[in-house]
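Engineer: fold the following for me, if possible:
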Amino acid sequence: MKSRKRNRTVTSVNGRGNGQRVSSRQQTAEIRLGAWLADGLLLLAGRCASDRACWPCATMKTGDDRVAANVEVFPYEAANGEMSRSRGALFVARCEPGHSMDNLQSVVLGEGPEGPFFGPMHCPSDLEGLQTLLRETVAGLSAQTRSEIMRFLVSAAADSLAGTCGVRISRALFAAREVLRERLPGPNPDKACPFAGIVETLVAVNHRSFYVRGWVESPESPVTRLTAVSPEGCRIELRDRIFRCRRPDLDGRSTTSSEDDVFTKTGFICYFEADVPSRRAEGWLVEVANSLGDEIELPAPPVQRGTAAARRALLPDIAYDPIGEDCLLSDHLAPALRRIQERQRDRVRVDKVVQYGTAPSNPTVSIIIPLYARVDLVEQQLAQFVHDREMRESDVIYVLDSPELSDSLFAAAPRLQRLYRTPFRVAILNANAGYAAANNAGASLSRGRLLLLMGPNVFPDRPGGLGKMTAFYDAKAQIGALGPKLLFEDDCIQHAGLYFDRDPDSVLWHIEHRYRGLHRTLPPANVAQRVSALSGACLMIAADLYGGLGGLNDLYIQRGYEDSDLCLRLTAAGRENWYLPEVELYHLQEESDPDELMQLAAPYNRWLHTHLRRAELEQVQSSAKPTQLPEPEVETNASASESTRRRTPQCQSAE
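Structural biologist: Numbers count the residues shown, from 1 in each chain. Okay, the predicted model is just below:
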């Protein structure tokens, strides 16, 4: 006669020594400690059976409510080797967002109500409680196991890092990292045997993307590992992806080295992306190892955030690869700056639109005029529009992307409309996002079938120009963009269409203005003709065509090659760009765009323009240059010839 086996009961003990009795047949795990990583994300520590890797689900009990949770388990071998049939384990239980765990009473692992459980519950929510849990359970394990545990915690919390509780999760993971990480020595200051380095700059492109600059010196052996470690414990290997730049300021510290060991005489730059977001400003490290087995850690400075700070930190690095022949621009600067521009574009919105005067009922043309830091130019422009009935019948939209000046513009606008009798709208953007974004925002508000992109520093020479441009545009079936003649204030030509050229020793294309600096009466400059591109200072295009192409390309920084980029895209789409000299306007170019960011961004914009439009540039190069200039004596107007000879030196120096 077989004897019956009695079901024994065991106690699953929590962090305070309280216990619950559970059938041993169900007891496949033991939970001893718990601590909150964030709302709805609970870390538990205990043991699990060696043949049981995970419990995919759990039930959290809060009062009379039971909330389902997903569970991830990390089993590990204990350092003392005491466990033969069970192993240590960390459990991360995650419930669906929106459930309050303030009164959590117990956690039951598995699907059945009698599964392994932890209760009565006392799980500290502060970081000290989390660190205490880790110190009492896993801090004594090997460095490799602790590193694996950190990866497990990062993976388990990845989704929460991107959510509303991301900041708290970031703090919790940083606290965990400080308990679990293997600390390395700092750089060796000994000149006799230097293994040194510095992380000079760390820029957050967004919460996942970063840009780092620094240098490492290891003259005795090559660097074999260069690992960025986020405050949350995410590790990113950089060595094989960095741009290695020669640093003259470091030459005095180093000895001659082989090509393979370029770290000894160069710095490094790297754009990289982390697997999970990082929200902390402090706590980044870069770990460095060489082939001799030496290891050091370099603390990074606080992360620079914000669009303006990021761009100003990155753009000077173009000096290390000015013509983009190496990988700095293509693999590091361009991806970082692209994400910065995209983030800025996504944040920009039209905050407010106000109409001054009676809006025209059915305008043919919407005139988009971006205002960047120069609201004073509005009155000067309206003073010229007052003489032109066509301007008063158009949909004039001033787009202010310097929102800090909105009060000043709103205060002046009613008086300006009454005085100059030209209806206009004012659209205020919430932030400055550059020339392209301002024009695109204005175009989204337009009511005319044609758009005229116009600078606030552009003034018509005489009334009637808008009607002439509209008639010419409508007469050309395949027209893309149309531009007038633009003049400096001393009657020299600033713009009569654009063409592209490049220096013999460069791969980068640059823009040239046709007949720039010559007198407005120059015969070749007074012939309507097709051109490669036109200036966005005054450019007409059909609204549906503009929208179909996506408007101006906002990847350029502040203002650079957006207008020529648009014209080249029009050419690629089978359209023709035309120059109309019959319409003349003055362009006070030196009065616009006072921000030094334009000069800082100019080399990058030039590289980007070449990189994006290389095929179109190659196609138009042969047909775009201006015709041969006539000799002065063959000009029919002697006074104009004399004026040209007298004014050209002054005009050529104008910017």
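Engineer: from here on, just use CA atoms for contacts and neighbour counts.
Structural biologist: Fine.
Engineer: any idea how far Ala319 lies from Phe243?
Structural biologist: 13 Å (CA to CA, to the nearest Å).
Engineer: correction: Ala308
Structural biologist: 23 Å.
Engineer: looks like Leu539 contacts Gly455 (just checking).
Structural biologist: No. At 9.6 Å, Leu539 and Gly455 do not qualify as touching, with contact defined as CA atoms under 8 Å.
Engineer: mutual contacts of these two, please.
Structural biologist: Among the neighbours of Leu539, none is also in contact with Gly455 (CA atoms under 8 Å, 6 or more residues apart in numbering).
Engineer: for the most centrally placed residue in the chain, which non-adjacent residue is spatially closest?
Structural biologist: Nearest to the mean C-alpha position of the chain, counting by CA atoms, centre = their mean, stands Ile340 at 1.4 Å. Using CA to CA, 6 or more residues apart in numbering and skipping the chain neighbours, the partner closest in space to Ile340 is Val205 (5.8 Å).
Engineer: kindly report the same for Ala602.
Structural biologist: Nearest one to Ala602, counting by CA to CA, 6+ apart, is Gly560 at 6.6 Å.
Engineer: beta partners of Asn70?
Structural biologist: Going by DSSP bridges, Asn70 is paired in beta bridges with Cys57, Arg94.
Engineer: next, the contact list for it, please.
Structural biologist: Counted by CA under 8 Å, 6+ apart, Asn70 has contacts 56-58, 93-95.
Engineer: domain parsing of the protein, as residue ranges.
Structural biologist: 13-180, 196-305, 350-652 (automatic domain parsing).
Engineer: re earlier: are any of the contacts of Asn70 buried, and which?
Structural biologist: Neighbour-count burial (16 or more other CA atoms under 10 Å) applied to the contacts of Asn70 gives 57-58, 93-95.
Engineer: right, and the residue nearest to Ala602 touches Asn605 too?
Structural biologist: Yes. Applying CA under 8 Å, one finds Gly560 in contact with Asn605, separated by 5.8 Å.
Engineer: pick out whichever of those two has more residues nearby.
Structural biologist: Gly560 (23 against 20; other CA atoms under 10 Å).
Engineer: and that one, what pLDDT?
Structural biologist: On the pLDDT scale, Gly560 is placed at 84.
Engineer: for it, give me phi and psi.
Structural biologist: phi -150, psi -90 (degrees, to the nearest 10).
Engineer: how many neighbours does Pro414 have?
Structural biologist: Pro414 sits with 13 neighbouring residues when counted by other CA under 10 Å.
Engineer: what does the one 4 residues further on give?
Structural biologist: A count of neighbours around Arg418, defined by other CA under 10 Å, yields 12.
Engineer: which SSE is Glu220 in?
Structural biologist: Following DSSP states H and E, there is no helix or strand that holds Glu220.
Engineer: where does pLDDT dip in the protein?
Structural biologist: 1-29, 49-56, 62-64, 78-86, 97-104, 111-122, 189-194, 250-266, 590-595, 622-655 (pLDDT under 70).
Engineer: and the longest helix anywhere in the chain, what does it pack onto?
Structural biologist: For the chain, the helix reaching the highest residue count under DSSP state H is reported as helix 597-620. Contacts defined by 3 or more CA pairs under 8 Å, 6 or more residues apart in numbering; DSSP states H and E place helix 597-620 against helix 562-572.
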